[in-house]
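Enquirer: A structural model of the following input is requested.
(one chain, ligands or ions: 2)
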Amino acid sequence: MRKFKTESQKLLDLMINSIYTNREIFLRELISNASDAVDKLYFRSLTDDAVSINRADLAITVGYDAEARTVTVSDNGIGMTKDELDKNLGTIAHSDSFEFKAERAADAAERTDENTEPGDVKGLSDLTDVDIIGQFGVGFYSAFMVGKKVRVVSRAIGSDEAWAWESNGIDGYEIKAAERAEHGTDVIVYLKDNTADESFDTFATEAGLTQLIKRYSNYVRYPIQMEVTRSRKVEAPEGAEGDEAQPSWETYTEVATINSMIPIWKRKKSEVSQEEYDEFYKTDFHDFEDPARTISVHAEGSLNYDALLFVPGRAPWDLYSKDFKKGLALYSSNVLIMEKCEELLPDYFAFVRGVVDSADLTLNISRETLQHNGQLRAIARRLEKKIKGDLASFRDDDRESYEKFFEQFGRTLKFGIYQSYGMAKDTLADLLLFYSAKQQKMITLDEYLADAPAGADAIFYAVGDSRERLANMPLVTTVLAKGYDVLLCTEDVDEFCLMAMGTYGEHAVDGDEDNKQPYFIKNVGAEDLGLTTEEEKKQAEEATESNAALFDVMREALDGRAEKVVVSTRLTDAPAVLTSEGGVSLQMLQVLKSQPGAAEMGGMPEMHLVLELNDKHPVFAALQAAHEAGDDDKVRAYAGILFDQALLVEGIMPDNPLAFAQAVSELMK
Ligand code: ADP
Ligand code: MG
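Expert: Ligands and ions are numbered 1, 2, ... in the order given. This is a model prediction of the structure:
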């Protein structure tokens, strides 16, 4: 028996017990080695006339024996000689595959046009068909996470002897003469015994193995075959009666290819049909609807990678739950590294699904994570631009479908602006759609501005729970009457998003190109909309002044509900309206109140309401008359009614509806 060197023994222990977080990846590692062995043989056949193979025969086979509790991974690849078994499997962290890859790259670098004969195949650059996975020289030992013993039987190509390597992963290994009919390798893992809290049984089942092959090795380029059990219907013999006449089922076994092999993301978009993309999306991302968008990226440069992204047709039910996990599947050389790599997507594109594959990633030794997140960040930045660009063309080229997309995912985009405190607005703002009161359809902010009257310096919006009600609100109708459009917002996130944005785009002030100002985004309920002339403002201030005594009585009657009572500059038909002076709007307060847990959180944000009165309205004259006649009880009653009525017009229930109803009945008597 040969001994592992002491250090090696410690290293082996580390390898087996601390590198991997997930023991099921042993199958991924053994299959990756098998794929490398087959790749190497294929390469040999191209460079060595003595070796001729039929590419179609190259394959990997996975088998199991539930009784003997073994899992076997076999390949008909290049195989190993006795010396190679010793060197490759007896030296931890020695990777023959890595050397192979490095040599091919060196060959390629050395070659010039002069020294190349036609038909020469030396460097990897010629061999897009070779895609070696191994690199650290440790993957093989992961078999000891699930195996108490591992036996490797191998026969090198061109050799007529086979050798068996065997080890319990603790004190050493043995190499003995063995039998194998053809070149290639079998790795037989003898599963560990189950303990009270660990079971290894699932690795010796058809279902367990199929699942792991599909998850980690679905895109390995050679077929991974397995004997699977199927069942078929057997028709009853003709003329049979009773129970005999029923068809029965029988089971049988057949060898099936488990992996789908073709990494569709590596193919050029022009060479793949949309049907193929749709099929891939639906099977791999478990959706029953076609994707709304397919984005294919092939990046070449300091970091090469392929990506295939999808915007789903419909939001998954849990998109807005806190358990939702965003991320793209990350592959390196066709082998899955991470199922959901979060760093690849910003939160506001969390709904995007897809795959990123790069052979250039500096993987952590366990190949479960990356060593340098800088690489991920670089890819993420590029993908974000791609997604943004694609959504912008979606918006411009197919508006109807874009609106459907926006119904599903607009909320995520708006949240993105709000949560980034407006920082993401450069990326997202022009993707937003809002309902236009004037045009009665969804429009972008640019479309709003294109339609705005000359000299406009603001974008107006109103928030509430229904478009119909908003459209009839005095605050909205007065702005519309002045020729400005109003965006009618009914989603809880709208005001937060628009407030976080604050401004959008820019315009030249009075046609002066050197003096550019952004358009301010304003709630129609805000104090100063900038739509009144200085003259109108002055008049209203004077009217407020001269009615000070009346307004004092009203303000006291409202007992803190409104901070001010003033003559309005904006009303045409309605007698009164509530606006807010700084702080949050009435509607936003409603949203906050309706959030679960709001009551317990106590402290609602401050609000400064102003009751604005229309001094051209007959009600105003009635108020003045009552005050002049010394009937302040009436003035107080009117103040309450006007306040509650202004709330009702905004779709908000007064605090005391009964008092309101009684006051109105009193009036009618
Ligand atoms: P890596 O794959 O990163 O090189 P491993 O520990 O998985 O490291 O394997 C070590 C080496 O053993 C490989 O580089 C390869 O030379 C050899 N090897 C492993 N499995 C096989 C196999 N099925 N056929 C031929 N060689 C193999
Ligand atoms: Mg390996």
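Enquirer: isn't K482 right up against L531?
Expert: Yes. Using C-beta atoms under 8 Å, K482 makes contact with L531 at a distance of 5.4 Å. C-beta here means a position set from N, CA and C on the backbone, and glycine is covered the same way.
Enquirer: Looking only at neighbour counts, state which of the two leads.
Expert: Set K482 next to L531 and count neighbours by other C-beta atoms under 10 Å: L531 wins out with 19 against 13.
Enquirer: residues contacting the more buried one?
Expert: V479, K482, Y484, R570 (C-beta atoms under 8 Å, 6 or more residues apart in numbering).
Enquirer: Could you measure from it over to T579?
Expert: As judged by C-beta to C-beta, to the nearest Å, L531 and T579 stand 13 Å apart.
Enquirer: and if you look at R215?
Expert: R215 is 58 Å from T579, by C-beta to C-beta.
Enquirer: and the host helix or strand of L308, what other elements does it pack with?
Expert: Assigned by DSSP states H and E, L308 belongs to strand 305-311. Contacts defined by 3 or more C-beta pairs under 8 Å, 6 or more residues apart in numbering; DSSP states H and E place strand 305-311 against helix 274-284, strand 293-299, strand 353-357, helix 373-397.
Enquirer: rerun at 6 Å
Expert: Strand 305-311 is packed against strand 293-299, strand 353-357, with contacts defined by 3 or more C-beta pairs under 6 Å, 6 or more residues apart in numbering; DSSP states H and E.
Enquirer: returning to what we had before: from the contacts of L531, which would you call buried?
Expert: V479, Y484, R570 (16 or more other C-beta atoms under 10 Å).
Enquirer: Hmm, V479 and the last one touching each other?
Expert: Translated: R570. No. Using C-beta atoms under 6 Å, R570 makes no contact with V479, being 7.8 Å away.
Enquirer: Number of residues surrounding G483?
Expert: 12.
Enquirer: got the contact list for it?
Expert: P453 (C-beta atoms under 6 Å, 6 or more residues apart in numbering).
Enquirer: One more: K414?
Expert: V493, C497 are the contacts of K414 under C-beta under 6 Å, 6+ apart.
Enquirer: I'd like the next helix or strand past the one helix or strand it maps to.
Expert: Here K414 sits within helix 399-419, counting by DSSP H and E. For helix 399-419, the succeeding helix or strand toward the C-terminus, using DSSP H and E, is helix 425-428.
Enquirer: Who are the packing partners of the helix or strand that that next one is followed by?
Expert: Going down the chain from helix 425-428, the next helix or strand is strand 434-436, by DSSP H and E. With contacts taken as 3+ C-beta pairs under 6 Å, 6+ apart, strand 434-436 sits against no other helix or strand.
Enquirer: so what strands line up beside strand 434-436?
Expert: strand 442-443 (antiparallel), strand 486-489 (antiparallel) (DSSP bridges).
Enquirer: what sits against whichever residue of the chain sits closest to ligand 2?
Expert: Closest to ligand 2 within the chain is G139: 3.2 Å, counting by C-beta to the ion. G139 sits next to E29 when contact means C-beta under 6 Å, 6+ apart.
Enquirer: Need the pLDDT of it.
Expert: pLDDT, G139: 90.
Enquirer: and if you look at the one 5 residues further on?
Expert: Note for F144: predicted pLDDT of 94.
Enquirer: Name the nearest residue to the closest residue to ligand 1 within the chain, ignoring sequence neighbours.
Expert: Going by C-beta to the nearest ligand atom, ligand 1 is nearest to G134 of the chain, at 2.4 Å. In space, and not counting its chain neighbours, G134 is closest to S97: 3.1 Å by C-beta to C-beta, 6 or more residues apart in numbering.
Enquirer: The one you found: what's it in contact with?
Expert: D36, I132, G134.
Enquirer: Repeat that for N304.
Expert: D360.
Enquirer: From E271, how far out is it?
Expert: N304 sits 19 Å away from E271, going by C-beta to C-beta.
Enquirer: Quick one: buried ones out of the contacts of S97?
Expert: Counted by 16+ other C-beta under 10 Å, these give D36, I132, G134 as buried.
Enquirer: which one in those residues is the model shakiest on?
Expert: Within the buried ones among the contacts of S97, I132 has the lowest pLDDT, namely 80.
Enquirer: so that residue touches E103, yeah?
Expert: No. Using C-beta under 6 Å as the test, I132 is too far from E103 to be in contact (10.7 Å).
Enquirer: Output the below-cut-off pLDDT ranges for this structure.
Expert: 3-8, 111-130, 527, 582-584, 595-606 (pLDDT under 70).
Enquirer: Spell out which parts of it neighbour ligand 1.
Expert: Counting by C-beta under 6 Å from any ligand atom, the residues of the chain close to ligand 1 are 29, 33-34, 37, 75, 77-78, 80, 88-89, 95-98, 134-140, 185.
Enquirer: Those residues in strands, which ones?
Expert: Members of the residues of the chain next to ligand 1 lying in strands (criterion: DSSP state E): D75, T185.
Enquirer: ok, now which ones touch F203?
Expert: Going by C-beta under 6 Å, 6+ apart, F203 touches V71, V146, L191.
Enquirer: got JSON lines for these, with neighbour count too?
Expert: As requested, these are exported to JSON lines (neighbours: other C-beta atoms under 10 Å):
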{"residue": "V71", "neighbour count": "26"}
{"residue": "V146", "neighbour count": "22"}
{"residue": "L191", "neighbour count": "22"}
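Enquirer: With secondary structure and distance to E250 as new columns, can those residues be given to me in a markdown table?
Expert: Below are the contacts of F203 laid out as a markdown table (DSSP: H, G, I helix; E, B strand; the rest coil; distance: C-beta to C-beta, whole Å):
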| residue | secondary structure | distance to E250 |
| --- | --- | --- |
| V71 | strand | 27 |
| V146 | coil | 33 |
| L191 | strand | 30 |
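Enquirer: Please give me every residue in contact with S366.
Expert: I19, Y20.
Enquirer: Name the SS class of it, please.
Expert: coil (DSSP: H, G, I helix; E, B strand; the rest coil).
Enquirer: Need the three-state assignment for M226.
Expert: Applying three-state DSSP: M226 is strand.
Enquirer: now do the one 3 residues further on
Expert: With three-state DSSP as the basis, T229 sits in strand.
Enquirer: Leaving out the residues flanking it, which one is nearest to E276?
Expert: Leaving aside its chain neighbours, E276 sits nearest to I264 (6.5 Å; criterion: C-beta to C-beta, 6+ apart).
Enquirer: Could you double-check that that neighbour lies in contact with E279?
Expert: No. Contact criterion C-beta under 6 Å: I264 and E279 do not qualify, at 9.1 Å.
Enquirer: higher neighbour count, these two?
Expert: Counting neighbours by other C-beta under 10 Å for I264 and for E279 shows that I264 has the greater number, 19 against 13.
Enquirer: can you give me phi and psi for the more buried one?
Expert: phi -60, psi -30 (degrees, to the nearest 10).
Enquirer: Could you measure from it over to P312?
Expert: For I264 relative to P312 (C-beta to C-beta), the value is 17 Å.
Enquirer: before we move on, what about V476?
Expert: With C-beta to C-beta as the criterion, V476 and P312 are 35 Å apart.
Enquirer: still on that earlier bit, just the strands paired with strand 434-436: most buried one?
Expert: Burial of the strands paired with strand 434-436 is given as mean neighbour count (mean count of other C-beta atoms under 10 Å); strand 486-489 ranks first at a mean of 25.
Enquirer: Where does V220 sit: helix, strand or coil?
Expert: Recorded secondary structure, V220: coil (three-state DSSP).
Enquirer: list the contacts for it?
Expert: Contact partners of V220, counting by C-beta under 6 Å, 6+ apart, are S35, N259, N334.
Enquirer: Leaving out the residues flanking it, which one is nearest to it?
Expert: V220 sits nearest to S35 (C-beta to C-beta, 6+ apart), 4.9 Å away.
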